[in-house]
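Q: Just need the structure, nothing else, for what follows:
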Amino acid sequence: MTPVPVPPAPSSDDFRPLAHVRVLDFTRVLAGPYATMSLAELGADVIKVEMPGSGDETRAWGPPFVGDSSAYFHAVNRGKRSIAIDLTTAEGRRTVDRLLATADVVVENFRPGVAERLGLAADEVMAAHPRLVYASITGFGRTGPLASDAGTEVIVEAASGLMSVTGVPGGEPVRFGVAMVDLATGLTMINGVLAALLERGRTGRGRRVDVSLYATAVSALGTVIASSSAGGGAPRPWGSAHPSIVPYRAFRAGDGHVVLGATNDAMFQRLVTALDLAATSEAVQWRTNADRVTDRDRVELVVQEAVGRLTVEEVVARLRRHGVLVAAVLDPDQAARSEQARALGLTTEHDGVVMTRGPLAAGGADRLGPAPALGQHTDEILAELEAEPAREHGRDDYQEVAR
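A: Residues are numbered from 1 along each chain as shown. A predicted model of the protein is given here:
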């Protein structure tokens, strides 16, 4: 029997598993655009549908600007094509219908009720195009007393309880430094879309995928909620510290801050050696993590006194040499330009502006161009529709998978 030849392993530059998938992107701001840009990094043809004259409102979220759009907009819309369509007109609706016939995935994050008013309700669209995967991102989900409310990142952080455990003890409520709920919701949406595409390969039918910022935030609080309900006390902010591990937080060195941690008892003994704490009278009493959590204030004071006598570089060198968790606290620019970020290919530059790349795309060729100008590809996309007016995008690939 003649063996079947095995094709050569693809390089990281070839990682385009969604190369035959078309995504219609009706999203704006962050969660949706970040998700669809991530799909573009995986090879999808992402068509961003925008209102003529204004487009995604984050285009105006500056300064700083890159060309005519904000740096914020460019950070999460690279690699897409933009078509300007007035969704409130009959002509615009006809154009959208023609695009839907060529698409595999629709992603929208309209305010509650808007998709229905525009004739883009999920049930209506999927009845006409049953192979579509229709993904919706909302603030609070489609059911419940808050379903009709608009939910932005900071509103959801407050309503979910997340803000109450962020910040420093005794301080005011603090939002995340970046919109982590938006980003995590976008990643959740990607998981749902990819799973639905796999299912479509078996069944030939698409599926609706619903994700919300609120569900993402509450889910992310899983360890906090479990600990509290198990008798761990009311959740509260811990700053950079950990409620169940000591030491595990930021400390001030002579010329900056470091984060260090001992996640087990053996590592704590190595920390004692690295920082010359063996002579400390209490050190012998801190054999277990439970002992250290009980005596948190004294443990952290002793570690702070030792760290404060050293520079950041000295602390990092000592603890790394002894196998203790440690990192200097860098600002985002320092991290983006670090040797580690460069080694992993995590950033790229467009016209001198540093842009980050998704973890799956990092290390390969930078296939994503800059974010598009508003309506930049309108004529190009309309010409494609004239050439292939009723093509079901990706059909052959997924039927092949099904076989």
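
Q: C-alpha from now on. contacts and neighbour counts both.
A: Noted.

Q: Next, residue 107: secondary structure please.
A: strand (DSSP: H, G, I helix; E, B strand; the rest coil).

Q: next one: residue 211
A: Residue 211 is classified as strand under three-state DSSP.

Q: again, but for the one 4 residues further on
A: Of the three states, residue 215 takes helix according to three-state DSSP.

Q: Settle this for me: it is touching residue 140, isn't it.
A: Yes - Residue 215 sits in contact with residue 140 when judged by Cα atoms under 8 Å, with a separation of 7.2 Å.

Q: Between these two, tell me which one has more neighbours.
A: More neighbours surround residue 140 than the other of residue 215 and residue 140, with 25 against 17 (other Cα atoms under 10 Å).

Q: what kind of secondary structure is the more buried one in?
A: Under three-state DSSP, the three-state class of residue 140 is coil.

Q: Just the pLDDT for residue 390.
A: At residue 390, the model reports a pLDDT of 53.

Q: what's the answer for the one 4 residues further on, then?
A: At residue 394, the predicted lDDT confidence score is 51.

Q: what's the average pLDDT for stretch 275-292?
A: For stretch 275-292, the per-residue pLDDT averages 86.

Q: And for residue 63, the neighbour number?
A: 10.

Q: Got phi/psi on the closest residue to it other than its chain neighbours?
A: Among residues not flanking residue 63 along the chain, residue 70 sits closest, at 6.4 Å (Cα to Cα, 6 or more residues apart in numbering). For residue 70, the backbone dihedrals (degrees, to the nearest 10) come out as phi -70, psi 160.

Q: just the one 5 residues further on next, same as before
A: Dihedral pair for residue 75: phi -60, psi -30, per degrees, to the nearest 10.

Q: so it makes contact with residue 358?
A: No - using Cα under 8 Å, residue 75 makes no contact with residue 358, being 11.0 Å away.

Q: More neighbours: those two, which one.
A: residue 75 (19 against 16).

Q: Go ahead and report the secondary structure state at the spatially closest residue to that one that is not a sequence neighbour.
A: Of all residues not flanking residue 75 in the chain, residue 355 sits nearest, at 6.0 Å (Cα to Cα, 6+ apart). At residue 355 the chain is in strand, as set by three-state DSSP.

Q: What's the local residue count around residue 355?
A: Neighbours of residue 355 under the rule other Cα under 10 Å: 17.

Q: do residue 172 as well
A: Neighbours of residue 172 (other Cα under 10 Å): 12.

Q: do residue 387 as well
A: 10.

Q: That one and residue 90, how far apart?
A: Distance, residue 387 to residue 90, using Cα to Cα, to the nearest Å: 22 Å.

Q: What are the phi and psi values at residue 326?
A: Dihedral angles for residue 326 - degrees, to the nearest 10 - are phi -160, psi 150.

Q: So, low pLDDT: which residues of this protein?
A: Within the chain, the set of residues satisfying pLDDT under 70 comprises 1-13, 281, 362-366, 389-403.

Q: Identify the residues contacting residue 137.
A: Residue 137 makes contact with 31-32, 107-110, 185, 189, 210-213, according to Cα atoms under 8 Å, 6 or more residues apart in numbering.

Q: Whichever strand or helix holds it pairs with which strands?
A: In this assignment (DSSP states H and E), residue 137 forms part of strand 133-138. Paired neighbours of strand 133-138 in the sheet (DSSP bridges): strand 105-108 (parallel), strand 208-212 (parallel).

Q: buried sites along it?
A: Using 16 or more other Cα atoms under 10 Å as the test for burial, strand 133-138 gives 133-138.

Q: Show me this protein divided up by domain.
A: The chain breaks down by automatic domain parsing into domains covering 12-220+348-402, 248-330.

Q: so where do the strands sit in the protein?
A: For the chain, applying DSSP state E gives strands covering 22-26, 45-50, 65-66, 69-70, 81-84, 105-108, 133-138, 208-212, 248-253, 256-261, 325-328, 347-350, 353-356.

Q: So for residue 310, which of those strands sits nearest?
A: strand 248-253 (5.8 Å; Cα to Cα).

Q: what angle sits between that closest one and strand 256-261?
A: 150 degrees (axes from the mean of the first three to the mean of the last three Cα atoms, to 10 degrees).

Q: how far out from the middle of the chain is strand 248-253?
A: 27 Å (Cα atoms, centre = their mean, to the nearest Å).

Q: Lovely, talk soon.
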